[in-house]
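# quick one, what's the 3D model for this:
(2 chains)
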Amino acid sequence: GEDVEQSLFLSVREGDSSVINCTYTDSSSTYLYWYKQEPGAGLQLLTYIFSNMDMKQDQRLTVLLNKKDKHLSLRIADTQTGDSAIYFCAEDTGRRALTFGSGTRLQVQP
Amino acid sequence: KAGVTQTPRYLIKTRGQQVTLSCSPISGHRSVSWYQQTPGQGLQFLFEYFSETQRNKGNFPGRFSGRQFSNSRSEMNVSTLELGDSALYLCASSLRQASEDTQYFGPGTRLTVL
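Numbers count the residues shown, from 1 in each chain, chains lettered A, B, ... in the order given. Here you go, the predicted model:
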């Protein structure tokens, strides 16, 4: 079956690193995504990783993928107050029907 | 390049009515997918259209339908609205190619059913 799990809340201080974790259950996932949602807005694509990769870095963002444990993480370096939002991980098993986690609310304290 | 656009942004309807939402994909994108977001159920896949054909469908009743036009714009329709249909409806577009299949989302249409 398909089920994506995330912790609900993370609080960090401005300037610290944030690590948001996600576990998924479908080993046939081809793409794994991280999206950001601010209040009242749609989903902003942050980054994605192919299932044959272990790591991807994009400026302040680092994605780590552990296929054996079906674990995905998003690290945000030098977290800013503008990073406060809900972060969703999502998997695509190749049918273009993304399965989303419940979202992690990131709160950045000044 | 303009992003995914959705109209209208906000809608208020009453139970029993029907509603049509519109989505214009990123230029060159031929696949449009629709998702429903509610506080209780989170983000759930509704359906995907590509080349004017529905390619995949989520677990929603037949009251939810959609279509895609030759210019790749898509509409979704919800008939006989229920209170539980109140949600943020998001559409996403993608190139639907092996080398690039990332889904980009629009701002959503917030539907309130009274």
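# can you pull out the helices in chain B?
The residue ranges that make up helices in chain B, judged by DSSP state H, are empty, as it has none.
# quick one: low-confidence ranges for it?
Counting by pLDDT under 70, the ranges of chain B that qualify are B:1, B:98-99.
# residue numbers of it in contact with chain A?
Residues of chain B lying close to chain A (C-beta under 8 Å from any C-beta of the partner chain) are B:4, B:6, B:31, B:33, B:35, B:42-43, B:45, B:48, B:55-56, B:58, B:90, B:92, B:94, B:96, B:101-108. From N, CA and C alone the C-beta is placed, and that goes for glycine too.
# 6 Å instead, please
Within chain B, the positions adjacent to chain A are B:42-43, B:45, B:48, B:56, B:90, B:102, B:104-108 by C-beta under 6 Å from any C-beta of the partner chain.
# do you have the strands of the chain handy? List them.
Since you didn't name a chain, this refers to chain A. The residue ranges that make up the strands of chain A, judged by DSSP state E, are A:4-6, A:9-13, A:18-24, A:31-37, A:43-50, A:55-58, A:61-66, A:71-76, A:85-92, A:99-100, A:104-109.
# sorry, I should have been clearer: chain B.
Taking DSSP E, the strands of chain B run over residues B:5-7, B:10-13, B:19-24, B:31-38, B:42-50, B:53-57, B:64-68, B:74-78, B:87-94, B:104-105, B:109-113.
# nearest to A:T23, out of those strands?
Of all those, strand B:42-50 sits nearest to A:T23, with 15.5 Å by C-beta to C-beta.
# report the angle between the closest one and strand A:85-92.
Here strand B:42-50 runs at an angle of 50 degrees relative to strand A:85-92 (axes from the mean of the first three to the mean of the last three C-alpha atoms, to 10 degrees).
# partner strands of strand B:42-50, parallel or antiparallel?
Using DSSP bridges, strand B:42-50 pairs in its sheet with strand B:31-38 (antiparallel), strand B:53-57 (antiparallel).
# output the strands of chain A in a markdown table, with mean pLDDT appended to each entry.
Below are these laid out as a markdown table (pLDDT from 0 to 100):
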| stretch | mean pLDDT |
| --- | --- |
| strand A:4-6 | 93 |
| strand A:9-13 | 97 |
| strand A:18-24 | 95 |
| strand A:31-37 | 94 |
| strand A:43-50 | 93 |
| strand A:55-58 | 94 |
| strand A:61-66 | 96 |
| strand A:71-76 | 96 |
| strand A:85-92 | 94 |
| strand A:99-100 | 93 |
| strand A:104-109 | 97 |
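# export these to JSON lines and tack on mean neighbour count?
Rendered in JSON lines, the data for the strands of chain A read as follows (neighbours: other C-beta atoms under 10 Å in any protein chain shown):
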{"stretch": "strand A:4-6", "mean neighbour count": "20"}
{"stretch": "strand A:9-13", "mean neighbour count": "13"}
{"stretch": "strand A:18-24", "mean neighbour count": "20"}
{"stretch": "strand A:31-37", "mean neighbour count": "22"}
{"stretch": "strand A:43-50", "mean neighbour count": "18"}
{"stretch": "strand A:55-58", "mean neighbour count": "12"}
{"stretch": "strand A:61-66", "mean neighbour count": "17"}
{"stretch": "strand A:71-76", "mean neighbour count": "20"}
{"stretch": "strand A:85-92", "mean neighbour count": "23"}
{"stretch": "strand A:99-100", "mean neighbour count": "22"}
{"stretch": "strand A:104-109", "mean neighbour count": "17"}
